[in-house]
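Visitor: quick one: sequence and predicted model below, then my questions.
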Amino acid sequence: MRRTTTIILMSVLMTTAVLAQDSNRLSIDGTAIATEAAAPAHMENVDTIYSGWRFRSRETQALEMDDFDNPAFVFVDQGIDVFDAVDGSEGKACSSCHDDVADFAGLRTTLPRVNDGDLVTMEELVNTCRTERMGAEPWKWSGGKMTAITALIGLQSRGMPINVSIDDDAAPFWEKGKEVYYTRVGQLDMACSSCHEDNYGVMIRADHLSQGQINGFPTYRLKNAKLNSMHARFKGCMKNIRAQPFKEGGEEFKALELYLASRGNGLPVETPSVRN
Amino acid sequence: MASGVKPRVKVPKTAKAGDTITIKTLISHKMESGQRKDSDGNLIPRSIINRFTADFNGQNVIDVTLEPAISTNPYFQFDANVPETGEFKFTWYDDDGSVYETAKKISVS
């Protein structure tokens, strides 16, 4: 009898651990944003998808609930300046062609996508504009100006559900991304799924493991006080499991980005989010 | 010296007489402490915001001295009891002599 009680107690504790969020409802300056959704059909092992916001402590959560308190907006402001800054041999700024940055509403939800047989990310779209239309040098994938601009463009889609296409042209890239996600690598012999699918909500040292959703990128991280690109975050994960990271902007990470985005299909964009 | 400096302020547009309102301010600034060295081992000169003030209708309400240990993008939040309609003026003083100013109106009913 006593043993049964212990088991019941344990299972109650474990359920709490799995959903170890401090607050359930995210509202940013009064606008509610859903932080959970039914998992897309292609996910076999997960029923509900949760934003990484749910796994953070109350203090970190609060930073994202007010745009003034959200430190990422310092960089979004820089992005606004960059958007209007003339650069390159053509004497153009982003705003020379794109009148209003608000026109990018919805773009973030559909990226990465396949253009003419190639998988393209927002970083590549930005750099194509810079090299082909502005005659300017491309930016580094995770550089300050790039993350500022991707945050500004991503912000226009805040609250809209992620909806990347995984069929037709995108299917081979998606399959490749899925393979990267489930392949064990590194000295610790772990795959993305080892933490973010099998053990989300569980403590990893002093922190809660999230589902590894990418709906809030670029993300302001308290650990380095700047905006972090998705691929830089993937690299960080790979270093943690003692693996040799893939290259930022490489085929593996782009495919992984598509696969991860598809695991968040239905979850609203939170860009720019605040995380540990 | 300091680049990309941009003050941000959040003041409610309206308030009731006698209400206590919360004011949030942030200025993006590197706050170079003067303790760090560059890759050649030379000391990077100090460049910080050294003073922050807030005035309401010409009357000083807050005056802060900032020291080098204060981290990047200094953030101040304070409460104010606003007696009448008027304007808050915020001023930041940089080591290099620059002065950054911003103002916000508030109407009190």
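Guide: Right, received. Where do you want to start?

Visitor: OK, contacts around residue A:87?
Guide: Applying Cβ atoms under 8 Å, 6 or more residues apart in numbering or on different chains to residue A:87 gives the contacts A:93, A:130, A:134, A:136. Quick note: C-beta positions are derived from backbone N, CA and C, even for glycine.

Visitor: of those residues - the most surrounded one?
Guide: residue A:130 (21 neighbours; other Cβ atoms under 10 Å in any protein chain shown).

Visitor: so that one sits in a helix?
Guide: Yes - counting by DSSP: H, G, I helix; E, B strand; the rest coil, residue A:130 is located in a helix.

Visitor: which of the contacts of residue A:87 lies closest to residue B:78?
Guide: Comparing the contacts of residue A:87 against residue B:78 with Cβ to Cβ picks out residue A:93 as the nearest, at 37.6 Å.

Visitor: and the pLDDT for the closest one?
Guide: pLDDT recorded at residue A:93 is 89.

Visitor: what about stretch A:181-194, how long is it end to end?
Guide: One end of stretch A:181-194 sits 9 Å from the other (Cα to Cα, to the nearest Å).

Visitor: tell me which residues of that stretch are tucked away?
Guide: Using 16 or more other Cβ atoms under 10 Å in any protein chain shown as the test for burial, stretch A:181-194 gives A:181, A:185, A:186, A:190, A:191, A:192, A:193.

Visitor: domain ranges for chain A, per the record?
Guide: A:18-66+A:161-275, A:72-155 (automatic domain parsing).

Visitor: can I get those in JSON lines including distance to residue B:8?
Guide: Below are the domains of chain A laid out as JSON lines (distance: least, Cβ to Cβ, whole Å):
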{"stretch": "domain A:18-66+A:161-275", "distance to residue B:8": "12"}
{"stretch": "domain A:72-155", "distance to residue B:8": "7"}
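
Visitor: what about chain B, any weak spots by pLDDT?
Guide: Applying pLDDT under 70 to chain B flags residues B:1-3.

Visitor: still on that earlier bit, could the contacts of residue A:87 be laid out in a markdown table, adding distance to chain B?
Guide: Below are the contacts of residue A:87 laid out as a markdown table (distance: Cβ to the nearest Cβ, whole Å):
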| residue | distance to chain B |
| --- | --- |
| A:93 | 17 |
| A:130 | 20 |
| A:134 | 21 |
| A:136 | 19 |
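
Visitor: need the contact list for residue A:103.
Guide: Neighbours of residue A:103 in contact, by Cβ under 8 Å, 6+ apart: residue A:156.

Visitor: any idea how far it lies from chain B?
Guide: 24 Å (Cβ to the nearest Cβ, to the nearest Å).

Visitor: part of a strand, is that residue?
Guide: No - under three-state DSSP, residue A:103 sits outside any strand and is assigned helix.

Visitor: buried set for stretch A:154-161?
Guide: A:154, A:155, A:156, A:157, A:158, A:160.

Visitor: shouldn't residue B:64 be within a helix?
Guide: No - counting by three-state DSSP, residue B:64 is not part of a helix but strand.

Visitor: endpoint to endpoint, stretch B:90-102 covers what distance?
Guide: 5 Å.

Visitor: before we move on, back to that, in JSON lines, list the buried residues of stretch A:154-161 along with secondary structure.
Guide: Below are these laid out as JSON lines (three-state DSSP):
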{"residue": "A:154", "secondary structure": "helix"}
{"residue": "A:155", "secondary structure": "helix"}
{"residue": "A:156", "secondary structure": "coil"}
{"residue": "A:157", "secondary structure": "coil"}
{"residue": "A:158", "secondary structure": "coil"}
{"residue": "A:160", "secondary structure": "coil"}
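
Visitor: just name the closest of these to residue A:224, please.
Guide: residue A:154 (18.8 Å).

Visitor: quick one: the closest one from residue A:227, how far?
Guide: 10 Å (Cβ to Cβ, to the nearest Å).

Visitor: likewise residue A:71?
Guide: 9 Å.

Visitor: shared neighbours, the two?
Guide: Joint contacts of residue A:71 and residue A:227 (Cβ under 8 Å, 6+ apart) are residue A:220.

Visitor: quick check: residues of chain A near chain B?
Guide: A:68, A:69, A:71, A:73, A:74, A:77, A:78, A:81, A:225 (Cβ under 8 Å from any Cβ of the partner chain).

Visitor: now do 6 Å
Guide: A:68, A:74, A:77 (Cβ under 6 Å from any Cβ of the partner chain).

Visitor: next, the contact list for the residue nearest to the second one when sequence neighbours are not counted, please.
Guide: Spelled out, that is residue A:74. Distances taken as Cβ to Cβ, 6 or more residues apart in numbering or on different chains place residue B:28 nearest to residue A:74, at 4.7 Å, with adjacent residues excluded. By Cβ atoms under 6 Å, 6 or more residues apart in numbering or on different chains, the contact list for residue B:28 reads A:74, B:6, B:73.

Visitor: so after the helix or strand harbouring residue A:75, what's the next helix or strand?
Guide: Taking DSSP states H and E as the criterion, residue A:75 maps to helix A:72-84. The helix or strand immediately downstream of helix A:72-84 is helix A:94-97, counting by DSSP H and E.

Visitor: from the chain's centroid, how far away is that following helix?
Guide: Relative to its parent chain, helix A:94-97 has a centroid offset of 26 Å by Cα atoms, centre = their mean, to the nearest Å.

Visitor: can you name every helix or strand that it contacts?
Guide: helix A:72-84 (3 or more Cβ pairs under 6 Å, 6 or more residues apart in numbering or on different chains; DSSP states H and E).

Visitor: ranges for the helices of the chain?
Guide: No chain specified, so I'll use chain A. A:2-18, A:58-64, A:72-84, A:94-97, A:107-110, A:122-128, A:144-155, A:171-182, A:192-196, A:230-240, A:251-263 (DSSP state H).

Visitor: I was after chain B.
Guide: Taking DSSP H as the criterion, chain B carries no helices.

Visitor: cheers, nothing more for now.
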